[in-house]
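A.B. asks: Have a look at this fold, sequence not included:
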Ligand SMILES: Cc1ncc(C[n+]2csc(CCOP(=O)(O)OP(=O)(O)O)c2C)c(N)n1
Ligand SMILES: Cc1ncc(C[n+]2csc(CCOP(=O)(O)OP(=O)(O)O)c2C)c(N)n1
Ligand SMILES: [Mg+2]
Ligand SMILES: [Mg+2]
């Protein structure tokens, strides 16, 4: 039994490395518009990520965890959500959050700005979790509330390969399974937790097989195939909405760069792998090949898109850099709906101090 | 895949409900001496458990968690240990601890006495864990230390079905699997965690299947068949000693009585099940039937044994009840090897107060 | 809402605390029954209240605090969870963010530690880290304290781990009337509240509890008796202990202000400072270890507000810097009226 | 061992602290390098020392605190673990019970909460609950504190959660020499020690660190400078802050005793009480929230030992009762020399 897991949970893809569809049942469901939406979002997210890393190098933004290489996993799954679903992302899931409707101001959180965490009105995009795996029980709970309200809203939560080692991964999945809560556990297995490779993280051959511990459906997919990501996430969300309980999706992917801008990956892995991954597995290249193959490509369009995206992102950076200074009182004002006397007194004392009254 | 688990992990037994061996490969390995050792220990442990519950009813001891019905799981697994192995039991595993060499004074811990937790010199019997599942990472760590020392000592830890829901279950098994630590995770699935039945505890059909999440061997056995318990635990220990890593054993069993003497099981289950379980699945009855079947039984011996056991336990109770009063300074003296000034000062102040100096 | 008026009832202050002078229907309840009554009331009043935890459903809780609730309100609203404290609190947070009013039970305070991370990194930060977009109106109820000969880890009293944690209120009642009113207020509070129930008092006595909904404002202590010579401060299970000590003191001609804090964060600054500024002497009593215990915060508060009024150093009567001893010795680590009396003497004779 | 002598070195007390007057070989190290040096020394000296945690192996730790150790001592002694804090601490306890001397790293103090239960219910209770049969000579190292513009939860300073916990010592160095000596002492201590490393100082400056093994006694603070008017107490990353404040004060004619506590549990009662009995005034500085912060324990200690000597209430300069703010505002919640100076003024002019 133990030995069969890679066979029991093969990496499923519906689009191969050359952009050819391997399952035509899906080909029909992808039209030009959808392909272009996907492509636009991928390109846009990559441009965003690169821009931020550049800003960081120039000292214009703080430590930042890039996601280049993981765009298809994030964008594909986020596109599968219904407008009113809930998302519980991590620090690395800005492509997902933005695709789902978060504004670019999410960036400002990496400049230590609270404002970056506020979702647009009516969107259930929870601020990214930093403490690993802790968002999983929350996601299960939010899903249980949807059940309680007899709402068909589903919940999707992201987490990494490293996160599977935490107790909260286990408790979150167990709760969701026991209550058959409408939640999709979307794992981005980028095969590293900072410097620790997955084979030091777990002895199991796959992450998908961990679903067996909870008696829930699990699937292992190619996280760089945006279509398999989209369709499998959609299926899982549909199952969730219709009372079929939670699903564990393992999307196998790779981060090209450092864990964060503070990390030096050459300390723990040969970055030549990056070139290999880019050459053979890049999610954007693959989608471009698909579009060419299926006649959805257009050079002029692609060129124009690049310009458009650049402008959009430059605008976002301008917004970032023209933010008014942070409001000191914010740090006191959101601890409780009504501040306690202690916080009130501390705030007043500090405000007086700032004004030089003390 | 999800549906197959009861078939993938069938409840294995080698002795059926009528005491007949179903696998003769084992029959040869069981001689009269071994059968009698098993029987004696089962009978003794049951008598012990009943005695303590009586003491509790008479107010002669505090709250106590009985194990009647689970004797074979505990005794069989404890007999499989090597003298110098480590055991990490729970509050319910006194049959295991005593079988492994703990003295009856373990009882005194239920009278709030520290002395009950001290193992005999040279025995690695850790005090029973009360906080659920917390002993699993400890057991993994102790096993890692054995690896480090290149010792062939193995570690065995007990835990219940409820314990599988805790994060520490997951973190303990994951660590053990990653480091291939020599530890056996012995689950007594008595199908209830206080009032919560296993089907509200988990959505998986078995506990054994949770081994798949860690890529380690898992097995589901009849916990009331002392022989399958003994041989499977032995195998798992052997694998551990010889570098084969951890094993998860699910021993399916049933507690006849209340969770503890403070619990009223009629609140949450029909105690008529108890009669049915006693009639069809009792571990002691089954072993007696086996002994009769294979010619190891002798009425006079059994009668004498009963007397012997009674005397032994009466003696234990006498010891309990003739303990000198608890030593007040104990509560201060074991926080650190050398007490801090704070504790020293607090101790002195209290001792003075007790003497009426203050 | 003022804590003297409950739906149709009128309370009046008397030496022994508030007494009802005009009744709606009331019942003589134990503290644990008052908890159940509060839960029942809120399950009735607010359709988004859910009550859950280990063994709270069919079994009605190991202390029977949720007895009968599942039968009345169904499994949807009152349910058992897996044995998983981080899961219980984590899902409660998710529910609270998504429109419910979860009341989660942790079976004993000694088992709250696996959930500490969830409370520290999510429950208490969510409002801030989302700039108010998401909030966590959640209550965690848990029995705490020693003195009932319970097994290991069943007697912890680590309230200071939560009074130090930003973003959560900590409440601890000492009698049935207040247990109900405070728990209702906690459930209605828009932020996380840790509700500590003195398990030693669960069935220790009965008190008058009005039917229906009423609340007692969080953050306010109460003066149980007035005196001139010393201020005695306690909460929860230590309240009967200090009351007895105050009686003994009175026989020795020492009269005391006795304060039941009721809320441990935020502290009721006014009640403490007004009293010690009158008496100039103070004894603080708690079960938890001295180091890091809430007693230190009270000493600090007095230092900050009433330095010049103090005629003697504040005395703390607390547990030692040790874990709750195995029960054969637990009474030796618990404050007793005699130890409190000794402290009173020492502040008087300083 | 006296902290002035290290293998062949002799130290002498001078105004700025201890200085070496006779050398063995020394190096100019940053605090984080001194930590590495301590680990290296102990890996050499004691064959049962093991060093592990997330990213401590090949990567040498996210702050490079274990840089090069795996290369020298091999994967058996210095290794990466899964991302699992309860697992890290839980296995460390098991190892410690079974003959090893584990030094476990928690990547940031904000990630220690998932391990809180293991520390609370096992690490700190094992000696007691086995009546000494099993012991836990374990060190948990973790960087703490704000001020480096780190992301959320990377800047927590919750030492008081551990000073309140019975059965564990809490140590916090402020400079390279002491970081090494204290860490060695912690590793040799027969009981659990939480070793807090001020991450803001990791690379802030260099200091002389002797080669080889030496230790600094746990439980003892150190007087960094002597004065007459006020006692200033701090530890870890706040030490440079209070030193600067003391300098400013001196320019205003106010001289200070500056105490670096170094060990947070148990507190060095003598150094504190001797100093405040001399100065009659005290300012305590820490990053953690005021409520429940260690500052309260120090106020209590002064209340207990030095009531009649105090000329003014103790002032605490601390974080507010809020979580560490997102970094755009973190400096506003951190004690600064100016805020400390204001507190000094207020105790002087009381
Ligand atoms: C509880 C906790 N422990 C440690 C960390 C420090 N840390 C931040 S990211 C990370 C690795 C996470 O790996 P993975 O889950 O695979 O996600 P990835 O970063 O690869 O997306 C670690 C250890 C943390 N944030 N939270
Ligand atoms: C962390 C923790 N939470 C809750 C409890 C209270 N409690 C004691 S035993 C128990 C049920 C345990 O069930 P299981 O693991 O199946 O073991 P069993 O008692 O059936 O042997 C519970 C909830 C505890 N001891 N520890
Ligand atoms: Mg990863
Ligand atoms: Mg059970």
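C.D. replies: Happy to help now that I have it. These figures come from a predicted structure and were not determined experimentally. Ligands and ions are numbered 1, 2, ... in the order given.

A.B. asks: For the stretch 201-350 of chain C, just list every one of the helices.
C.D. replies: C:238-251, C:269-279, C:294-306, C:327-333, C:337-348 (DSSP state H, counting those that start in this stretch).

A.B. asks: and the third one, anywhere near chain D?
C.D. replies: This points to helix C:294-306. Yes. Applying CB under 8 Å from any CB of the partner chain, one finds helix C:294-306 touching chain D at C:294-297, C:299-300, C:303-304. The way it works is simple: take the backbone N, C-alpha and C, and place the C-beta from them, glycine included.

A.B. asks: element containing residue C:94?
C.D. replies: helix C:85-97 (DSSP states H and E).

A.B. asks: Same question for residue A:184.
C.D. replies: strand A:183-189.

A.B. asks: Helix or strand next in line after that strand, which one?
C.D. replies: Assignment by DSSP H and E places the next element after strand A:183-189 at strand A:192-193.

A.B. asks: pLDDT on that next one, on average?
C.D. replies: When pLDDT is averaged along strand A:192-193, the result is 98.

A.B. asks: Equivalent analysis for stretch A:179-189, please.
C.D. replies: Mean predicted confidence for stretch A:179-189 is 98.

A.B. asks: And residue A:274, what's its pLDDT?
C.D. replies: For residue A:274, the predicted pLDDT is 89.

A.B. asks: Would you double-check that it falls in a helix?
C.D. replies: Yes. Residue A:274 sits within a helix when classified using DSSP: H, G, I helix; E, B strand; the rest coil.

A.B. asks: burial of it, as a residue count?
C.D. replies: Here the number of neighbours of residue A:274 (other CB atoms under 10 Å in any protein chain shown) works out to 17.

A.B. asks: I'd say it and residue A:256 touch.
C.D. replies: Yes. Between residue A:274 and residue A:256 there is a contact under CB atoms under 8 Å: 5.0 Å.

A.B. asks: so the closest residue to ligand 2 within the stretch 151-300 of chain C is in which element?
C.D. replies: Going by CB to the nearest ligand atom, ligand 2 is nearest to residue C:153 of the stretch 151-300 of chain C, at 6.9 Å. Here residue C:153, judged by DSSP H and E, is contained in no helix and no strand.

A.B. asks: Contacts only, for it.
C.D. replies: Residues near residue C:153 by CB atoms under 8 Å, 6 or more residues apart in numbering or on different chains: B:130-131, C:108, C:110-111, D:121.

A.B. asks: what two of those are the furthest from one another?
C.D. replies: Farthest pair in those (CB to CB) is C:108 and D:121. Separation: 11.6 Å.

A.B. asks: tell me which parts of the stretch 101-250 of chain C are close to chain B?
C.D. replies: C:110-111, C:113-114, C:149-154.

A.B. asks: May I ask which of these has the most neighbours?
C.D. replies: residue C:114 (32 neighbours).

A.B. asks: Quick check, the residue in the stretch 51-200 of chain C closest to ligand 4?
C.D. replies: Residue of the stretch 51-200 of chain C nearest ligand 4, by CB to the ion: residue C:83 (9.0 Å).

A.B. asks: Just read off the phi/psi values of that residue.
C.D. replies: Per-residue torsions, residue C:83: phi -80, psi 90 (degrees, to the nearest 10).

A.B. asks: If anything else comes up later, I'll come back, but that's it for now.
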